[in-house]
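# build the 3D model from these lines:
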Amino acid sequence: MSKMNVAVIGTGMYVCGRGTNGYGTIMPALCQAGDSGKIGEIFLAGRSVSGVARAKAKIKELSSLTGAKLKITFLPEGRNNMEAYKEAFRKIPRPASAIIAVPDAMHKEIAKAALEQGLHTLVVKPLVANVKDALDLVKAQKMSGVYCAVEFHKRFDLANLKLKDTIRSGSIGDVLYFLVEYSQRKSIPSVIFKDWVSGTNIFQYLGIHYVDIIYFCTGAMPVRAMAVGQKNWLVSKGINTYDAIESTIEWKSPSGRKFISHIAASWVDPESTTAMSDQKIKVIGTKGRFESDQKSRGITIVTDGKGAEEPNPYFCAEYPGQDRRVYRGYGIDSICQFLDDAKSVEDGSLKVTDLEGRRPTFRDSIAPTAALEAVNKSLKKNGAWIDIKNT
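Predicted coordinates for the structure are as follows:
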């Protein structure tokens, strides 16, 4: 069949590394997919001409590094256009997919536009912030008949697959509780996401990853949630969002037993911390425990220029290939899996329904979204417990 064409909506850090020394995750993944002959044309759409120009410069550097020869149309051209994505969706040749990496509040609008054009669609997490919007997108997906997924890349991390296997095997018994600590550097909310960070929060941006992992590993459904947060350093910088949020979610497993997750998330780590993300998960069961330090991946690099660093070689990392630089990691795997699935749906070897329960589809995101909505409601009600309706 024809190669899959891809519309990329967004020009920020996750797309091409804007504001960082790297190249993001989406474009490195497309370089690898293009190198293996999986994709055709790319239409990359932002909102401003200046933002697109910065993305173009980043992608030029990346293409030189990897040797990838990508055919890319950049939009908008000439003048700013808040709806350049619509032009990308209209112009892109079929078969085509859309990868949406924009601020949370824009996810529903742009995803629906992609579905209306019949595009297989991948949206960065969270899909949306409330169950009503999630159900609206599930309905739109059914009507369009295309494949839709959320880019929950932690499902592809071998450490989390080992966690799932350990829980499902019963070797640690019935789960009693999860403990998660997840934090990032101050530059994420105060510099890189400064323009839109007040429209989200640290639980919605980071904590949702581990909500999905708990759901993915256990098959449990969230029953109720409560959360409290602290506004301190970011507010002092004129940014009205939480420094940290601590949440407690009660879950009901398929067996009917209940367990608790505690997630502490923040994004005010010092810039001198040894990794962009500091993340740990611990699971306690009736017969044992599972602990995973997902920051310290076994590599420490110390130099005069950067001090101590602890890189994660398994997420999205650059490596020497046979002839040029290549990218590997579970972040790459997540995006390439979506493209492979979309192609399989296009050529008829898979049905969209075949992927339910096997991938982080829009429908599969309803449970994590319900927990997110309850946490956000609890924050507004000063830590009150919020019951979650049957999702």
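
# dihedrals phi and psi, residue 160?
phi -80, psi -30 (degrees, to the nearest 10).

# what's the answer for residue 227, then?
When read as degrees, to the nearest 10, the backbone of residue 227 gives phi -160, psi 150.

# gap between it and residue 157?
Distance, residue 227 to residue 157, by C-beta to C-beta, to the nearest Å: 25 Å. Using the backbone N, CA and C atoms, a C-beta is placed for each residue, glycine as well.

# one more: residue 233?
Distance, residue 233 to residue 157, by C-beta to C-beta: 29 Å.

# check residue 296 too.
Computed as C-beta to C-beta, the residue 296 to residue 157 distance reads 14 Å.

# show me where the stretch 201-350 of the chain has its strands.
Taking DSSP state E, counting those that start in this stretch as the test, the strands found in the stretch 201-350 of the chain are 221-230, 244-252, 258-269, 277-285, 289-293, 301-303, 307-309, 317-320, 325-328.

# sheet partners, orientation included, of the longest one?
By that I understand strand 258-269. strand 175-185 (parallel), strand 244-252 (antiparallel) (DSSP bridges).

# and after the longest one, which helix or strand comes next?
What that stands for is strand 175-185. Next along the chain after strand 175-185, taking DSSP states H and E as the criterion, comes helix 187.

# of residue 227 and residue 157, which one has the most company?
Taking neighbours as other C-beta atoms under 10 Å, residue 227 and residue 157 compare with residue 227 leading, 28 against 22.

# residue contacts, the closest residue to that one other than its chain neighbours?
Using C-beta to C-beta, 6 or more residues apart in numbering and skipping the chain neighbours, the partner closest in space to residue 227 is residue 247 (4.0 Å). Applying C-beta atoms under 8 Å, 6 or more residues apart in numbering, one finds that residue 247 lies in contact with 203, 207, 225, 226, 227, 261, 262, 263, 265, 375, 378.

# wait, the last one sits on residue 225?
Yes: contact criterion C-beta atoms under 8 Å: residue 378 and residue 225 qualify, at 5.9 Å.

# any shared contact partners between the two?
Contacts common to residue 378 and residue 225, judged by C-beta under 8 Å, 6+ apart, are 247, 385, 386.

# okay, and the beta partners of the last one?
The reference is to residue 386. Beta-bridge partners recorded for residue 386 (DSSP bridges): residue 225.

# wait, doesn't residue 149 sit right on residue 361?
Yes: counting by C-beta under 8 Å, residue 149 does reach residue 361; the two are 5.4 Å apart.

# hang on, the earlier thing: let's have the strands of the stretch 201-350 of the chain in CSV, adding distance to residue 182.
Formatted as CSV, those follow (distance: least, C-beta to C-beta, whole Å):
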stretch, distance to residue 182
strand 221-230, 14
strand 244-252, 10
strand 258-269, 5
strand 277-285, 5
strand 289-293, 12
strand 301-303, 22
strand 307-309, 19
strand 317-320, 20
strand 325-328, 23
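
# can you redo the ones you listed as a markdown table with distance to residue 50 and mean pLDDT?
Output for the strands of the stretch 201-350 of the chain, formatted as a markdown table (distance: least, C-beta to C-beta, whole Å; pLDDT from 0 to 100):
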| stretch | distance to residue 50 | mean pLDDT |
| --- | --- | --- |
| strand 221-230 | 34 | 98 |
| strand 244-252 | 33 | 98 |
| strand 258-269 | 26 | 98 |
| strand 277-285 | 29 | 97 |
| strand 289-293 | 40 | 98 |
| strand 301-303 | 33 | 97 |
| strand 307-309 | 31 | 95 |
| strand 317-320 | 27 | 94 |
| strand 325-328 | 26 | 94 |
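
# of those strands, which approaches residue 87 most closely?
Nearest of the strands of the stretch 201-350 of the chain to residue 87, taken as C-beta to C-beta: strand 325-328 at 28.7 Å.

# quickly run through the sheet partners of the closest one, with directions.
strand 317-320 (antiparallel).

# what comes into contact with the strand it pairs with?
28, 65, 311, 325, 326, 327, 328, 329.

# equivalent analysis for stretch 260-267, please.
176-186, 188-189, 202-203, 205-207, 210-211, 214, 243-251.

# what comes up buried for it?
Residues of stretch 260-267 classed as buried by neighbour count (16 or more other C-beta atoms under 10 Å): 261, 263, 264, 265, 266, 267.

# residues contacting the residue nearest to the second one when sequence neighbours are not counted?
Think residue 263. Leaving aside its sequence neighbours, residue 263 sits nearest to residue 180 (C-beta to C-beta, 6+ apart; 4.4 Å). By C-beta under 8 Å, 6+ apart, residue 180 lies in contact with 207, 210, 261, 262, 263, 264, 265, 279, 280, 281, 282.

# thank you, goodbye.
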